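# Need coordinates for the below:
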Amino acid sequence: MNEREQQKKMRKTRTDIRGTQVSKISINHKHIQVLFYINNNHCRIDKSPLSKGHVDITHLLPAKPKTPTPTPTSPKIRCFVFSTKSSTPITPRVADGDEDVLINDACAMVREERWNDLRASTLLKSILAPLHVSQVLVKLREEASLAFKFFRWASQQQGFYHTTESHCMIAHILYKGRMYHHAQEILKSLVRAPKREHPSPNLFDMVRATQRACNSPSRVFDALLRTYTETRMLEEASEVFYRMKKFRIVPTVYACNMLLHSFWKSNRGDSARKFFADMTGSGVLPNVFTYNIMINFTCKEGDLQCARSLFNQMKEMGCQPDIVTYNSLIDGYCKECKLEEVEGLCDEMQETGCKPDVITYNTLINGHCKQRQLQKALDVLNEMRESGILPNVITFSTVIDELCKEGMMQEANNTFKALRGHGLHPNEFTFTCLIDGNCKEGNLQEAAKLYDQMVESGLTPSAVTYGALVDGLCKEGKVREADDLFKKMLETTISPNIFIFTALIDGHFNQGNMQEALEIFDKMQDQGIEPDIQVYGAVIQGLCNLCQLQEAKTVINKMMERGLHMNDVIYTTLIYAHFKEGNMQEALNLHNEMLDRGITSDLICYSVLIDGLCKQGSLREAKTCFDRLKESGMSPNAVTYTSLIDGLCKSGNLQEAKLLFKEMLVNDLVPDKIVYTALIVGNLKEGDMHEALDLKRKMIERGIEPDLYTFSSLIWGLSNEGLMQEANSTFNEMTGKGIVPDSIVYNILMRVHVKMGNIEEVYKLQSDMENRGIAPI
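Below is the predicted model of the structure:
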């Protein structure tokens, strides 16, 4: 059959299907294949030949289904891939011989912008409208602006919808015409469109299939890769990359960097590593931005060895590291507390002429603060100022935070003033640091002022801010004020965190409000907050302190049912509680159980054991624990020494106690009132009044004021030695300091005066007791 006969047959067939909708159009260089449905029956029209330049997309279409026999009922139309989706009657097409004329007229219409031309409606109402649009776009492929006007005009016509093919064609044309923004928007509309509108099996294949017809470069593939990345469709972006690799289309390093960065931002480190290897293996030459992305995320993952390897690799490739590269590495090493490597990087920066910026200095200051190297952090701040770089809010806030942690509140307040003096506005973190620091120092009034300033400046206090205030109030015993603040917080949109509940529970237990503490514990769980080991620890400690050991064991059982196990803090709490109740053996059993579970005794645990054993009179076991503590590499603190010295003095081992006292002073530990009083009593028992009085003098010189027990002990010792004048003088000194004597002190003095026959002194003391309201015993 020759070409003329084929055209005649095609015209006859087209007459029979007038009024239907096209389902699919398959185009190649030699023929057109139009697929449609009538009453759910598959039909096909073949036409040949096409004008030169049309692209073969036949391989993209699904396999041809078998053609069932049509039924003689009214047509029901269903659309598949390329559809006009028209609901209006379709006008008869022009004769085949006039098709080229129609396309050429359409192009002329576009060039002359005759959008109301009647032939335009003929073009779009034909069953082959999608084909005609594609033909017009191909004709206008060298005139991107006109092609885009035509594309937009067609999309606005009632009943017509562009196909995936026409979208891809216009994207090619626009990129070829350097209308990049419009081309990118076209691709975005394609990738964001619902599948039912553009159900092409693979957009990459359609872009590739339409490329030759538009005679365009490969920029659209790169744009498609970027588009998928920008729309967070990373799997599709990866597929485009690997299809490009298969067809030896090399993407730009910019597009690859976008995908690489997106993998990192999506916490897909393994995908980022694999993609980096594949992109470099595909001929994409990484630049400084590529290496910065990789070095940054490997540092944040803590893989400093890989980060350093990439750093060396980029220098070997002639890629000069910039300030971002150095900042990423410095931050990574600071977080791992490897400050020696940080110093080396800073030296290298200076050698290469890369000047540190505010981020560099902030990172260094933060690194030193985390290592509790406050002075070095302040030195870096001074260097920063000298180099002409102005500190920002982060700089000042980091320094303020560390000053507060060190208890240097005056310096912290001065730094806060300096921050405002630089014209900077403190942020929520700045205020919270100062509030927390003042609360820890007991400066609740100052903390309240800062809270008011924070709110007045338009900042919203966070749960951390409220937590600092609640904890500070509870530690000062102001649990009612803490409750009020908690209720105030609940009126806002801020949800209380587990720290706030823990502070309230601990505060109420410390005030003896067991019932209220347990109610808060229950309320926390009612709000869906699962107690952690710290919360359970606070509840258990509170119950133990109130001698509710059995209730504490019940809480422990519930805790263990939830899969939580006792830690060293809870074990230490229970050991202390059992010692307090006189159950020494049970306390020691718990310590053995703790060790059997692989939990090491810390300094607090050893101190509790030593104190408990001393109070039970088990000095030998206490000294054994003390030796084990030192053998484990820990240094005894003042509490440990105090417990053992007190125990030794009470058991009559004064010489050992004196040796420990000297050791304590050598280790720069400051003895407290208990140590001095224990040694004073010990010396008084030995009859060494001179040493006892000398210890009292040294005690006062160190700024430690004797208490009732210290004065009582001295009065007892002096009275026993018959030194009643000195005893009376000590009594007067005690009352002069505002310390109210108890009945024990009066009895000590009266008993000696009776023995000495000083009845008048006895009457004076009795009269003084009555005046003070002290009942005799």
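# rest of the way, CA atoms for contacts and neighbours
OK.
# can you map out the helices along the stretch 151-300 of the chain?
Along the stretch 151-300 of the chain, counting by DSSP state H, counting those that start in this stretch, helices occupy 164-176, 180-192, 203-214, 219-230, 234-246, 253-265, 269-281, 288-300.
# which of the ones you listed sits most buried?
helix 164-176 (a mean of 25; mean count of other Cα atoms under 10 Å).
# next one: it to chain centre, how far?
On the basis of Cα atoms, centre = their mean, to the nearest Å, helix 164-176 is displaced by 43 Å from the centre of the chain it belongs to.
# orientation of it relative to helix 203-214 in degrees?
If you take axes from the mean of the first three to the mean of the last three Cα atoms, to 10 degrees, helix 164-176 sits at 60 degrees to helix 203-214.
# Using CSV, write out every CA atom in helix 164-176.
What follows is helix 164-176, C-alpha atoms only, in CSV (Å, rounded to 0.1, in the frame of the first residue of the first chain):
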residue,chain,number,x,y,z
THR,A,164,4.2,15.0,29.9
GLU,A,165,5.8,15.1,26.4
SER,A,166,4.9,18.8,25.9
HIS,A,167,6.2,19.7,29.4
CYS,A,168,9.5,18.0,28.7
MET,A,169,9.7,19.6,25.2
ILE,A,170,9.1,23.2,26.6
ALA,A,171,11.7,22.5,29.3
HIS,A,172,14.3,21.6,26.7
ILE,A,173,13.4,24.6,24.6
LEU,A,174,13.5,27.0,27.6
TYR,A,175,16.9,25.7,28.7
LYS,A,176,18.2,26.0,25.2
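# about what we covered before: distance to Val745 and mean pLDDT added to the helices of the stretch 151-300 of the chain, as a markdown table?
Below are the helices of the stretch 151-300 of the chain laid out as a markdown table (distance: least, Cα to Cα, whole Å; pLDDT from 0 to 100):
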| stretch | distance to Val745 | mean pLDDT |
| --- | --- | --- |
| helix 164-176 | 101 | 89 |
| helix 180-192 | 90 | 87 |
| helix 203-214 | 97 | 86 |
| helix 219-230 | 84 | 90 |
| helix 234-246 | 83 | 91 |
| helix 253-265 | 73 | 93 |
| helix 269-281 | 74 | 91 |
| helix 288-300 | 66 | 93 |
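# Those: which one's closest to Ile520?
Among the helices of the stretch 151-300 of the chain, helix 288-300 comes nearest to Ile520, with 38.3 Å by Cα to Cα.
# Can you give me the buried ones in the helix or strand that that closest one is followed by?
On the C-terminal side of helix 288-300, the nearest following helix or strand under DSSP states H and E is helix 304-316. Across helix 304-316, burial judged by 16 or more other Cα atoms under 10 Å covers 304, 307, 310-311, 314.
# Run through the strands of the chain in chain order.
22-27, 32-38, 41-47 (DSSP state E).
# For the stretch 351-500 of the chain, give me the ranges with low pLDDT.
In the predicted model of the stretch 351-500 of the chain, no residue satisfies pLDDT under 70.
# Now with 90, please.
Applying pLDDT under 90 to the stretch 351-500 of the chain picks out residues 351-353, 371-372, 407, 422, 442, 492-494.
# Okay, helices next: where are they in it?
358-370, 374-386, 393-405, 409-421, 428-440, 444-456, 463-475, 479-490, 498-510.
# now these in a markdown table, with distance to Leu665?
Below are the helices of the stretch 351-500 of the chain laid out as a markdown table (distance: least, Cα to Cα, whole Å):
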| stretch | distance to Leu665 |
| --- | --- |
| helix 358-370 | 30 |
| helix 374-386 | 27 |
| helix 393-405 | 26 |
| helix 409-421 | 28 |
| helix 428-440 | 28 |
| helix 444-456 | 34 |
| helix 463-475 | 31 |
| helix 479-490 | 39 |
| helix 498-510 | 33 |
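# Just want the phi and psi numbers for Leu564.
Per-residue torsions, Leu564: phi -100, psi 140 (degrees, to the nearest 10).
# what sits against the residue nearest to it when sequence neighbours are not counted?
Nearest residue to Leu564, sequence neighbours excluded (Cα to Cα, 6 or more residues apart in numbering): Ile533, at 6.9 Å. Contact analysis of Ile533 by Cα atoms under 8 Å, 6 or more residues apart in numbering lists 564-567.
# buried ones in stretch 354-363?
Those would be 356-357, 359-363, for stretch 354-363 by 16+ other Cα under 10 Å.
# Please identify the nearest residue in space to the residue most central in space within the chain, excluding sequence neighbours.
Centroid check for the chain by Cα atoms, centre = their mean gives Lys300 as the closest residue, at 12.0 Å. Here the nearest residue to Lys300 in space, its sequence neighbours aside, is Gly332; by Cα to Cα, 6+ apart that works out to 6.4 Å.
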